[in-house]
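# This is a predicted model, with the sequence first.
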Amino acid sequence: MGMVGGGSDAFIGAVHRCAALMDNQIELVCGCFSINPEVAYSSGKSYYLPDSRNYKSLEEMIEKEKALPDGERMDFLSIVTPNVVHFQAAKLALESGFDVVIEKPMTFSLQEAYDLKAILEKTGRTMALTHTYTGYPAVKDARARVANGDFGKIRKIVVEYMQGWLSSREELNPISNAGWRTDPKKSGKAGCIGDIGTHAMNLAEYISGLKCTSMCADLTAFVEGRMLDDDGAALLRFEGGAKGVLLASQIAAGEENSLFIRIYGEKGGLEWHQMEPNTLTLRWNTKPTEIIRTGTNTFMGETGKFNARVPGGHPEGYIEAFANIYRNFARVVAAKRDGITPKPEWLDFPTVDDGIRGMQFIETSVQSGYENDKKWFDWAK
């Protein structure tokens, strides 16, 4: 793995590195860790990379890694930069023969997302998108139960992601990563709805197996002087007739990372909380509520157990969910390299199509949220 972004001044880079290395399938071999040369160099030194592979720019890294022999050069690039850099970094890597792991939102604009898919298909490379929450064993188990028809036809989806860290002008703090997240030149059209609303929508579609077709949204920038939304809500219509509600806020004072989802069908429903990730609650019309705990020795289904690492009672959380994405991605990349057909369970990670769905959600949310003369908007194309 090579990495662009994710230096010592950014929190998410460390998460990616811990996750990637967890299963001993991936090794960090090079990087360009910051747009600031001093931070980039000091970060690479602290990660024990040799100076020859501690690069000053992405372009230099790609050029020099391409020149290395097979088996020594990096196999893929992990992109953990602000959104505005995503497309160009991914394009350069893919067209240079490298696979890609990329942070969400996938691109700066919807058009870039479509362009990136075309590049991916032309090059035949592999790309994973780190929609982290799809990696939790309980989420995998929930998805499998819905797909198996345990709850009957899905009728209602309620998903909420509440944070409080932007309740004041945190972006004015020079050491905070709120600066680029609230800057439309670096983040794109949306703030909160792009940063965490995309996670909520992705989780709703992933577990339910249903795509949202139209929405009615309301976006607000509550904090005076903020250029992008810090709060949003939407009514949702899904294929098959299901209806939903999505709430996302970064001004919910006192909240940490309160992401939870409830899905209801004809026969029963499920509930999962990210801050209590090892518990999946199942509710039924005709029998008592069930509490399913994660772990390799529990009553989860095989899909959940495949993505669990330890026996029940040993917590698995955020980094392990990230690690499931990296592990499955690495197995697919290795299989394709060796001419082996990847197993279906290896292919279970977010892809470019999920990235396009995320950008469509952002575009539609912004259009619906600020255009008050129309109530419902079909999903952006």
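Done, it's in. The shown structure was predicted, so the numbers you read here are calculated from the model rather than taken from an experiment. Residues are numbered from 1 along each chain as shown.

# The residue sitting furthest away from the middle of the chain in helix, strand or coil?
When distances to the mean C-alpha position of the chain are computed (CA atoms, centre = their mean), the maximum falls on Thr286, with 35.9 Å. Here Thr286 is recorded as coil under DSSP: H, G, I helix; E, B strand; the rest coil.

# Report the contact partners of the closest residue to it other than its chain neighbours.
Nearest in space to Thr286, with sequence neighbours left out and distances taken as CB to CB, 6 or more residues apart in numbering, is Lys267 at 7.7 Å. Using the backbone N, CA and C atoms, a C-beta is placed for each residue, glycine as well. Remark: with contacts taken as CB atoms under 8 Å, 6 or more residues apart in numbering, Lys267 is in contact with Asp150, Phe151, Gly152, Trp284, Asn285, Thr286.

# In contact with the third one, which residues are there?
In other words, Gly152. Contacts for Gly152 (CB under 8 Å, 6+ apart) come out as Gly265, Glu266, Lys267, Gly268.

# So Met61 versus Ser176, what's the distance?
When distance is defined by CB to CB, to the nearest Å, Met61 is 27 Å away from Ser176.

# should've said Lys336
Lys336 is 40 Å from Ser176, where distance means CB to CB.

# follow-up on the earlier one: distance of the residue farthest from the centre of the chain from Glu345?
Thr286 is 32 Å from Glu345, by CB to CB.

# Next, find the distance separating Phe108 from Leu172.
Remark: distance between Phe108 and Leu172 (CB to CB) = 23 Å.

# quick one: secondary structure of the closest residue to Val158 other than its chain neighbours?
In space, and not counting its chain neighbours, Val158 is closest to Arg262: 4.6 Å by CB to CB, 6+ apart. Put simply, Arg262 is strand when judged by three-state DSSP.

# hang on, isn't Arg262 packed against Arg155?
No - with contact defined as CB atoms under 8 Å, Arg262 does not reach Arg155; the gap is 11.5 Å.

# I'd like the distance between Leu120 and Ile102.
11 Å.

# Need the overlap of contacts for those two.
Between them, Leu120 and Ile102 share the contacting residues Met127, judged by CB under 8 Å, 6+ apart.

# Pick out whichever of the two has more residues nearby.
Ile102 (25 against 20; other CB atoms under 10 Å).

# In the record's domain split, what are the boundaries for the protein?
The chain breaks down into these domains under automatic domain parsing: 2-129, 137-311+357-370.

# picking up where we left off before, and the contacts of Gly152, which two are the farthest apart?
Across those, no pair lies farther apart than Glu266 and Gly268, at 8.3 Å, counting by CB to CB.

# For the two, indicate the residue with more neighbours.
In terms of neighbours (other CB under 10 Å), Gly268 is the more surrounded of Glu266 and Gly268; the figures are 19 against 12.

# Which residues are in contact with that one?
Neighbouring residues of Gly268 by CB under 8 Å, 6+ apart: Asp150, Phe151, Gly152, Leu282, Arg283, Trp284, Asn285.

# Doesn't the fifth one belong to a helix?
Meaning Arg283. No - looking at Arg283 with three-state DSSP, it is strand, so not inside a helix.

# Please tell me how far Ser365 sits from Ala178.
As judged by CB to CB, Ser365 and Ala178 stand 20 Å apart.

# Show me which of these two is the more surrounded one.
Ser365 (30 against 20).

# avg pLDDT for the helix or strand containing Lys45?
Mapping Lys45 onto the secondary structure by DSSP states H and E places it in helix 37-46. Within the predicted structure, the mean pLDDT of helix 37-46 is 94.

# Remind me what that helix packs against, helices and strands.
Contacting helix 37-46 under the criterion 3 or more CB pairs under 8 Å, 6 or more residues apart in numbering; DSSP states H and E are the following elements: strand 30-32.

# what does the strand it packs on rub up against?
With CB under 8 Å, 6+ apart as the contact definition, strand 30-32 has outside contacts at 2-4, 6, 40, 43-44, 47, 49, 53-58, 60-61, 65, 74.

# returning to what we had before: identify the residues contacting the residue nearest to Val158.
Contacts here follow CB under 8 Å, 6+ apart; on that basis Arg262 touches Lys156, Ile157, Val158, Val159, Gly269, Leu270, Glu271.

# With Ser96 instead?
The contact partners of Ser96, by CB under 8 Å, 6+ apart, come to Ile62, Lys66.

# again with Ser57
By CB under 8 Å, 6+ apart, the contact set of Ser57 is Cys32.

# Distance-wise, check it relative to Ala93.
Distance, Ser57 to Ala93, by CB to CB: 13 Å.
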